[in-house]
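S.K.: let's see this in three dimensions:
(3 chains)
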Amino acid sequence: MPQSKLSPIELERILARHAHDPTRLLQILREIQEDLGWIAPEIIDSLAEHLHLPRARIEGVIGFYSFLHTQPVGQYRLLFSDNITDRMLGNQDLLAYLCNKLWVERGQVSADGLVSVDATSCTGLCDQGPALLANGWAIPRLTRERLDQIAELVLSKLPVPQWPRELFAIDDNIRRADILLANTPQPGAALRAAMQRGDGLAALEEIKQSNLRGRGGAGFTTGLKWEACRNATAEPRYVVCNADEGEPGTFKDRVLLSSQADLLFEGMTICAYAIDARHGFLYLRGEYRYLLEPLNAVLERRRAANLLGADILGRTGFDFDIEIHVGAGAYVCGEESALIESLEGNRGIPRNRPPYPVTHGYLQKPTTVNNVETFCAAALVALNGGAWYRAIGTAKSAGTKILSVSGDCARPGIYEYPFGVTVRQVLEDCGAENTLAVQISGPSGVCIAADEFGRRIAFEDLATAGAFMVFDTSRDMFEVARNFAHFFAHESCGFCTPCRVGTAMLKATMDKIAAGHGTQYDLREIDKLNRILHQSAHCGLGHTACNPTLDTLKRFRPTYERRLKSLDFEPAFDLDGALAEARRMTGRDDAGAHLSTEGKS
Amino acid sequence: MPAPEQKKIRIATTSLAGCFGCHMSLLDIDERLFALLEQVEFDRSPLTDIKHCGPCDIGLVEGGICNAENVHVLREFRNNCKILVAVGACAVTGGLPAQRNHLSLADCLQEVYVTEISLHNGMIPNDPELPLPLDKVHPLHEVVKVDYFIPGCPPSADTLWKFLTDLLTGRTPKLGADLIRYD
Amino acid sequence: MSESFQLDGEDIPYTPGQTVLQAALSAGRYIPHLCYHPEFKPHGSCKVCTVKIASGKSQRTAASCTLPAQPGLEIESDSDEMNELRRTLVQMLFAEGNHFCPSCEKSGNCALQALGSDLGVMTAGFRHFYPDRPVDASHPDILLDFNRCILCELCVRASCEVDEKCVFALSGRGITKHLVVNAASGQLADTDIALIDKAMQVCPVGVILTKRVGFAEPIGERRYDQRPISAQALDDAPRAATGKGRCTSCEE
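M.R.: Just a heads-up that it's a prediction; the model follows:
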């Protein structure tokens, strides 16, 4: 039997850590999930009582996040990362191999309740995949040998924290470092520089001077965002770092978090100085759970050095601290208003905007949300000045961009370039050969073919959150697009009609084409879904959900067409297969008990 | 001024997994049937008892697709009719028969023929003459391309009349909100 | 009421704080909508009220129920393109759930059905999902038929904001999103819902039903049998908001 109870003392300890605050619901649930492996009905009852929340609300939050469960999922839960890059590295075979080894069916808990094996969205280890999460802890570079080892550990019932450390060793793989990755300033140096330059307004002015733009993909000018937040009249204000790096193929924030955490926290502190905030949050994606303790250790060190806390660096009244919230498996929380909902302990549904977070963010207070890389860059701006920063990159895209390179290349990993670098240059540097296509900025970005490799990484040409997935001529771009269609359907929050239903329909249509039942009719259907999603979806997830399909259709149409029936219409299901159950029940197998699928009776 | 020798529009009709209610509604256009018959002639239809559909201008299909025979008939209609019309809730949405879709077919057959008292003495009939049921009931457009849909259970006589007169006069059929009913 | 914007070429006055949909309805102009209810804060989830906004050279689309009215907005609503979009959204909702109007006791009083016929929706068009959604008949006086749920959250909002009970909530996400009730058993009978609750009155479709009165009002004499939803919605529009969000745990 799975354990379903925490001792009252344990539960109280978790609740006390979060001050019995209902806005901490997600963090409380995550910790319970980590302790018990699921969230039992009795626990939900206790939480409802202690947090004064409706039980159904708690259930609704659990139901929203992929890593929270109201049913036991086994003492060990092994989730294979299922990005297209993991697939290209053979994760499907490995998943089947492990299931075989452990005598479990994919998605089912083993009869003895010991283990379950399933897939999950990209875990951000594309440069060292295939990867899996073992009870939430990331394991890269899977091979059959490593899976044999994992299976043995599971069967020996050794708790995951006691598994050999080397299994969990994750590399930074920094292949090209520029200003952000090559320099590790002394902790406090950038903050001191900002404070010496003047007050918060001066710090803000410097950021505006730098022309720094947000690195999450949308490219909003950071200075303007900070200014709008500073000018918002309500108090208190909040600084939020978006480290919910969920875009498949993106892993540069992981490397910044592991190698430049001080720079990041310094950037957040400078932001607090500029907008006059006292509280900061780092929203860390659940897949990066393993970074929580190291990051907390950095925060502790900074508190001890008076770089966080009260009267920072001796400046009376400059109080600021940072707290880390951990996500629980929801890509949509990378959208800033959904992230704020999640920070407040809710289902991560993007809000209606306006109002925007800069005036009505966390707890409806002014909130600046920036990407990890943006805060790191802001720290460098404070250290070296806006003019220095602005001189790097192109006219419209100041500074550098960190790319997460994965897929078909000799040297996958992290590459930092000044803006303006061509795709061709990156391909050359990472050792890519016979490249067919590059997916820039992940599924929600753009897929380009060889004739576009002269294009540049910059806001004015190829804007990107950092993903750079390389596909060589051996790859089938239809399958790439199909993987992404599955991803969007899985990650749709379900709030709005077009995305909830449309992503499920797109997935079904791509599967129909893959199964050999596609026709021209289905291509028209995809066009229609794309139009609907573009015109009416609630947020960027829905707007971009058809992009990979349309991009690949436009550039690699033959890979679709060779799968299509020549007919104008074909059912989405196998008609003969639909008779199988009746054949079994009646024992019939005569000619009349079958249907051709060729459209002729 | 239609010339007497003008070729009549040929219409075929059938009821698949339906109740013939839509056909009753068609008959319900009453005296307008005479006006209709000046312009059309019927091919396969319960009204003519012709068993197979020849080349036609319009096919009116009532009922959803619940078994192999339905698929054969629907394909025959699609292959022979220039314009194929799904008539009524069952043809358009699967309708009442589709309410078995959340049950497994095995459970349905088990319940009807084995658990409950039946004519087959606890056996599921396996006569090759009987069409095998599909695991799910489908509306027409999930099996073939459909040109027009007329919802309603059944569509009213006025709805069918408006639709047909539009079509026969070469207009794109357009029903007002008062004629579009789903119940 | 000095400020105004343009809706399909016509001046629509508004009071600050109104959204485009609210202002249009107050001015007697109909924009098709579904999850919006005049007594509740606009939700913006069904997207049926999507309109096109021209500002300068650029065009964009947005849900008009949550779009703040502003001077100078040029809104296109009653166009072939926007109505086609709305038809498709209604079709998606029909394909997503199990909507069998002939056997539904809400027929004639159902906003989804009325919207469909008013927009000229003839078919769901898409492949039906036929989801498996068991009904909850546990309560002696109330039936929950989830087959017809369109996830507008009106019952969730009404139960929290007006009834202060939070009988309903949403769980799951994406296409698996679904309504749950506030009881460990998952059964409505074990909640504190009552027939007089606001949550009993707001369901636009046939999910939350009072037992034994389904056909007291004959088919053919019902709300949308009398007048199309486009006319009915204008009658409902001037009602003042009563949702105060007093349940602290429900406040946004």
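
S.K.: neighbours around residue A:103, how many?
M.R.: Look at residue A:103: counted by other CB atoms under 10 Å in any protein chain shown, it has 13 neighbours. C-beta here means a position set from N, CA and C on the backbone, and glycine is covered the same way.

S.K.: find the nearest non-adjacent residue to the most centrally placed residue in chain A, please.
M.R.: The centroid of chain A falls nearest to residue A:246 when counting by CA atoms, centre = their mean (0.8 Å). Nearest non-adjacent residue to residue A:246, counting by CB to CB, 6 or more residues apart in numbering or on different chains: residue A:331, 3.9 Å away.

S.K.: now do residue A:535
M.R.: residue C:61 (4.6 Å).

S.K.: cool, and residue C:101?
M.R.: Residue C:101 sits nearest to residue B:182 (CB to CB, 6+ apart), 3.6 Å away.

S.K.: mind checking the SS state of the one you found?
M.R.: coil (DSSP: H, G, I helix; E, B strand; the rest coil).

S.K.: residues contacting it?
M.R.: Going by CB atoms under 8 Å, 6 or more residues apart in numbering or on different chains, residue B:182 touches B:89, B:151-153, C:99, C:101-102, C:107, C:113, C:116-117.

S.K.: just give me how far stretch C:93-102 sits from the chain centre.
M.R.: Centroid separation for stretch C:93-102 versus its chain: 15 Å, with CA atoms, centre = their mean, to the nearest Å.

S.K.: now do it: everything it contacts.
M.R.: A:497, A:500-501, A:505, B:89, B:93, B:95-96, B:98-99, B:101-102, B:153, B:181-183, C:34, C:46, C:107, C:110, C:112-113, C:116, C:121, C:124-131, C:133, C:147-150, C:175, C:205.

S.K.: do you know how far residue A:423 is from chain B?
M.R.: The spacing between residue A:423 and chain B, counted by CB to the nearest CB, to the nearest Å, is 42 Å.

S.K.: spell out which parts of chain C neighbour chain B.
M.R.: Those residues of chain C that sit near chain B, judged by CB under 8 Å from any CB of the partner chain, are C:94, C:98-104, C:107-108, C:113, C:116-118, C:120-125, C:127-128, C:130-133, C:219, C:228.

S.K.: can you name every helix or strand that the helix or strand of chain B at the bottom of the mean pLDDT ranking contacts?
M.R.: The weakest-scoring helix or strand in chain B, judged by mean pLDDT, DSSP states H and E, is helix B:32-39 (a mean of 92). Packing partners of helix B:32-39 (3 or more CB pairs under 8 Å, 6 or more residues apart in numbering or on different chains; DSSP states H and E): helix B:157-168.

S.K.: quick one: the helix it packs on to helix B:32-39, angle?
M.R.: Comparing the axes of helix B:157-168 and helix B:32-39 via axes from the mean of the first three to the mean of the last three CA atoms, to 10 degrees yields an angle of 20 degrees.

S.K.: what packs against helix B:157-168?
M.R.: helix B:21-27, helix B:32-39, strand B:81-87, strand B:148-150.

S.K.: buried residues, it. List them.
M.R.: B:157, B:159-165, B:167-168 (16 or more other CB atoms under 10 Å in any protein chain shown).

S.K.: hmm, back to that, give me the element the residue nearest to residue A:535 is part of.
M.R.: According to DSSP states H and E, residue C:61 maps onto strand C:58-63.

S.K.: what pairs with the next helix or strand along the chain from that strand, parallel or antiparallel?
M.R.: For strand C:58-63, the following helix or strand on the C-terminal side (DSSP H and E) is strand C:74-76. Here strand C:74-76 has these sheet partners by DSSP bridges: strand C:3-7 (parallel), strand C:50-55 (antiparallel).

S.K.: extract the CA atoms of stretch A:198-217 and return them as PDB.
M.R.: This file holds the C-alpha atoms of stretch A:198-217, laid out as PDB (Å, rounded to 0.1, in the frame of the first residue of the first chain):
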ATOM      1  CA  GLY A 198      23.300  57.000  -7.700                       C
ATOM      2  CA  ASP A 199      19.800  56.100  -6.500                       C
ATOM      3  CA  GLY A 200      17.300  53.700  -8.000                       C
ATOM      4  CA  LEU A 201      16.300  56.100 -10.700                       C
ATOM      5  CA  ALA A 202      20.000  56.300 -11.900                       C
ATOM      6  CA  ALA A 203      20.000  52.500 -12.000                       C
ATOM      7  CA  LEU A 204      16.900  52.500 -14.100                       C
ATOM      8  CA  GLU A 205      18.300  55.100 -16.400                       C
ATOM      9  CA  GLU A 206      21.400  52.900 -17.000                       C
ATOM     10  CA  ILE A 207      19.100  50.000 -18.000                       C
ATOM     11  CA  LYS A 208      17.200  52.200 -20.300                       C
ATOM     12  CA  GLN A 209      20.500  53.400 -21.800                       C
ATOM     13  CA  SER A 210      21.600  49.900 -22.500                       C
ATOM     14  CA  ASN A 211      18.600  49.100 -24.700                       C
ATOM     15  CA  LEU A 212      18.400  45.700 -23.100                       C
ATOM     16  CA  ARG A 213      15.400  43.700 -24.200                       C
ATOM     17  CA  GLY A 214      13.700  40.800 -22.500                       C
ATOM     18  CA  ARG A 215      15.300  37.400 -23.300                       C
ATOM     19  CA  GLY A 216      12.200  35.300 -22.800                       C
ATOM     20  CA  GLY A 217      11.400  35.700 -26.500                       C
END
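
S.K.: show the average pLDDT along it.
M.R.: In this model, stretch A:198-217 has an average pLDDT of 96.

S.K.: can you map out the strands along chain C?
M.R.: C:3-7, C:10-14, C:50-55, C:58-63, C:74-76, C:142-144, C:168-171, C:178-181, C:208-210 (DSSP state E).

S.K.: okay, buried residues for the first one please.
M.R.: Same thing as strand C:3-7. So, applying 16+ other CB under 10 Å, buried residues of strand C:3-7: C:4-5, C:7.

S.K.: next: the fifth one.
M.R.: When burial is assessed from 16+ other CB under 10 Å, strand C:74-76 yields the following buried residues: C:75-76.

S.K.: do the last one as well
M.R.: For strand C:208-210, a neighbour-count test (16+ other CB under 10 Å) marks C:208-209 as buried.

S.K.: which residues sit against it?
M.R.: Contacts for strand C:208-210 (CB under 8 Å, 6+ apart): C:105-106, C:141-145, C:155, C:195, C:199-200.

S.K.: give me the neighbour count for residue A:96.
M.R.: Neighbour tally, residue A:96, other CB under 10 Å: 12.
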